[in-house]
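>>> Following is a predicted model, sequence given first.
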Amino acid sequence: MIDISKAGAEAVSAIPVTSPGKRAVKRSIDVFVASALLILLAPLMALIAMLIAWRDGGGVVYAHQRIGRDGIPFGCLKFRTMVRDADVQLARLLRDDPDAREEWAESQKLRNDPRILKGIGHVLRATSLDELPQLWNVLTGQMSLVGPRPVVEDELRRYGPARSLYLSVRPGLTGPWQIGARSDGTYDARVREDSDYVRNWTLSQDLAIIMRTALIVLRGRAPGAY
């Protein structure tokens, strides 16, 4: 478990005090890169949308409410990779399967998730291409290219006193947890990674994470994705 007392002692005092200039540069990079990628990847995104619609006839993009900087909620965009009654299926599975319930409580993920669309859903999640619509979240200022992974309110409670670190920055399209062996760690490990990123934030670190993310996507499989 995360050392909450230690996190609490560090959370308030360790929030990085960056200059307005550095924050402006980070935001400028966000806008430039997100704009360029939305244009360059428009044909691919259109193809993905058509494949999802063909697979089960439902909507292709959905907005899930997440918590942003300063605690402001926003609709985090994703290509839909799950069946249309995903919430019902999850509730039923967690009610009936103790092992799945334990796995979900530990990591908020399921290795054998019955909700995922066959074929296209697994491909999009394995390559992280389902998150391409979040480029719009970046462009509009709700997210950053790099930052802590967006969380829902219930997850934010698991940050304990360290939540002030999360709330001090925009959540990211990618980040240290996303490019690591993410499915093999616990949720507390994710909290530590996100908190360390915020405490030690630099532009050079952001650029390194962006480059590593690009290599992972080109390789065709995000580490730990399922």
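That came through, no problem.

>>> which residues of this structure fall in helices?
When assigned using DSSP state H, the helices of the chain occupy the ranges 4-13, 20-40, 42-56, 86-96, 98-107, 120-127, 134-139, 153-156, 163-167, 187-199, 203-219.

>>> Could you point out which of those sits nearest residue 80?
Taking C-beta to C-beta as the criterion, helix 42-56 is the member of those that comes nearest to residue 80, at 5.8 Å. C-beta coordinates here come from the backbone N, C-alpha and C atoms, glycine included.

>>> what about the residue lying closest to residue 94 once chain neighbours are set aside, distance to residue 157?
With C-beta to C-beta, 6 or more residues apart in numbering as the criterion, residue 94 has its nearest non-adjacent residue at 4.8 Å, and that residue is residue 101. In this structure, residue 101 lies at 18 Å from residue 157, with C-beta to C-beta, to the nearest Å as the measure.

>>> who has more neighbours, the two?
More neighbours sit around residue 101 than around the other of residue 101 and residue 157, counting by other C-beta atoms under 10 Å; the figures are 14 against 10.

>>> Retrieve the pLDDT associated with that one.
Reported pLDDT at residue 101 in the predicted model: 76.

>>> So for stretch 89-108, what gets flagged as buried?
For stretch 89-108, a neighbour-count test (16 or more other C-beta atoms under 10 Å) marks 90, 93-94, 100, 103-104, 107 as buried.

>>> and those as a markdown table, adding distance to residue 68?
Rendered in a markdown table, the data for the buried residues of stretch 89-108 read as follows (distance: C-beta to C-beta, whole Å):
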| residue | distance to residue 68 |
| --- | --- |
| 90 | 24 |
| 93 | 29 |
| 94 | 27 |
| 100 | 30 |
| 103 | 28 |
| 104 | 24 |
| 107 | 22 |
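
>>> Nearest to residue 30 among those residues?
Proximity of those to residue 30 (C-beta to C-beta) peaks at residue 107, which lies at 28.3 Å.
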